[in-house]
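S.K.: below are the sequence and a predicted model; questions follow.
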Amino acid sequence: MEERAAFLEFACELAALAGESILPRFRAALAVDNKKPGSDYDPVTEADRDAERAMRQAIRRRYPTHGVLGEEFGFDPGDGLTWVLDPIDGTRGFVMGLLHWGTLVALFDGQRPVVGAIRQPVLDETFAGDGASAVYMCGSERRELATRPCASLGEALAGTTTPDMFHAPGQQAAFARIRDRVRGMRYGTDCYLYAMLALGQADLVVETSLKPYDVQALIPVVEGAGGIITDWSGGNPAMGGDVLATGDPRLHEQALAVLRD
């Protein structure tokens with residue numbers, strides 16, 4: 001337990017360190033590259049790259065035998081434990097000056113992430129968890145995270161980053177079934193809606209085509225707050241793909257059934 005607490009504290013330190021590279025560039029003149037020219041818009045900036053470099057250097061100093069997987073610089077294998085980094089999850093929103101983005105840090109043991117941290121540096125908010133508990137930190141404020149009850153899809157406030165992420169016909173139909181049953185659906189949320197779910201402000205997130213660095217930090221936070229996060233079959237979501245997160249087990253069962261319909 002002491003080791004896990006140390007890992008969680010370090011995850012929060014890494015996320016805060018990333019913010020030192022990111023904040024000076026937020027809503028500033030910034031060159032933006034497209035990682036997928038000619039097909040999709042997948043922006044990356046020097047803020048992304050510098051933040052990941054800073055986190056990698058800190059990991060090498062503290063845990064030189066650990067591996068690192070990052071969105072910008074790939075995978076460096078280690079001794080079985082791997083830090084999983086997304087310096088800016090939601091770069092599209094970041095370059096537009098919006099706030100629905102954050103830094104994601106997780107430690108992966110080969111099966112599941114054991115700790116995770118989500119940080120929104122503009123708001124000075126950190127959401128951190130180890131799967132058993134989760135905490136919200138903002139300035140001097142610190143309190144336990146807890147999801148809220150929501151017994152049915154008809155009561156649920158839900159969201160996804162974009163409906164355009166559901167490319168395959170089966171995915172489009174499954175998403176439409178969820179969208180048509182919930183009370184409200186919000187778009188453009190990236191990682192921040194998962195944080196709001198853990199804070200008890202939202203009820204459901206449904207997404208697809210996620211990478212490990214998109215989802216692993218979210219898992220210990222959502223689960224530590226009392227929520228459930230799985231793939232669309234109810235399995236381990238750690239490697240990404242189709243992901244469903246809810247704050248209430250009853251809601252999760254209903255949503256899985258609708259996705260499988």
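M.R.: That came through, no problem.
S.K.: tell me which residues are up against the helix or strand harbouring residue 93.
M.R.: For residue 93, the element it lies in under DSSP states H and E is helix 91-95. The contact list for helix 91-95, computed with CB atoms under 8 Å, 6 or more residues apart in numbering, reads 22, 26, 30, 32, 41-45, 47-48, 88, 99-101, 188, 190. The way it works is simple: take the backbone N, C-alpha and C, and place the C-beta from them, glycine included.
S.K.: now those: which count as buried?
M.R.: 22, 26, 43-45, 47-48, 88, 100-101, 188, 190 (16 or more other CB atoms under 10 Å).
S.K.: by pLDDT, give me the weakest of these.
M.R.: Within the buried ones among the contacts of helix 91-95, pLDDT reaches its minimum at residue 43, with 87.
S.K.: list the contacts of that residue.
M.R.: 32-35, 91-92, 95.
S.K.: try 6 Å
M.R.: Going by CB atoms under 6 Å, 6 or more residues apart in numbering, residue 43 touches 32, 91, 95.
S.K.: out of the residues you listed, which is nearest to residue 158?
M.R.: residue 91 (23.1 Å; CB to CB).
S.K.: can you report how many residues lie near that closest one?
M.R.: 22 (other CB atoms under 10 Å).
S.K.: distance check, it against residue 216.
M.R.: Residue 91 sits 18 Å away from residue 216, going by CB to CB, to the nearest Å.
S.K.: right, and residue 82 touches residue 67 too?
M.R.: Yes - using CB atoms under 6 Å, residue 82 makes contact with residue 67 at a distance of 3.8 Å.
S.K.: where does pLDDT dip in the protein?
M.R.: 1, 37-39 (pLDDT under 70).
S.K.: can you do 80?
M.R.: 1-2, 35-42 (pLDDT under 80).
S.K.: any idea how it splits into domains?
M.R.: Annotated domains of the chain cover 2-144, 153-260 [automatic domain parsing].
S.K.: please identify the most buried of those domains.
M.R.: domain 153-260 (a mean of 20; mean count of other CB atoms under 10 Å).
S.K.: show me where the stretch 1-150 of the chain has strands.
M.R.: Taking DSSP state E, counting those that start in this stretch as the criterion, the stretch 1-150 of the chain carries its strands at 32-34, 43-45, 67-70, 74-76, 82-89, 102-108, 113-120, 125-129, 134-138, 141-144.
S.K.: tabulate these in JSON lines, adding columns for distance to residue 169.
M.R.: Output for the strands of the stretch 1-150 of the chain, formatted as JSON lines (distance: least, CB to CB, whole Å):
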{"stretch": "strand 32-34", "distance to residue 169": "27"}
{"stretch": "strand 43-45", "distance to residue 169": "28"}
{"stretch": "strand 67-70", "distance to residue 169": "31"}
{"stretch": "strand 74-76", "distance to residue 169": "32"}
{"stretch": "strand 82-89", "distance to residue 169": "27"}
{"stretch": "strand 102-108", "distance to residue 169": "30"}
{"stretch": "strand 113-120", "distance to residue 169": "31"}
{"stretch": "strand 125-129", "distance to residue 169": "35"}
{"stretch": "strand 134-138", "distance to residue 169": "36"}
{"stretch": "strand 141-144", "distance to residue 169": "42"}
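S.K.: how about the helices of the stretch 101-250 of the chain, start to end?
M.R.: 169-179, 192-198, 212-215, 218-224, 249-260 (DSSP state H, counting those that start in this stretch).
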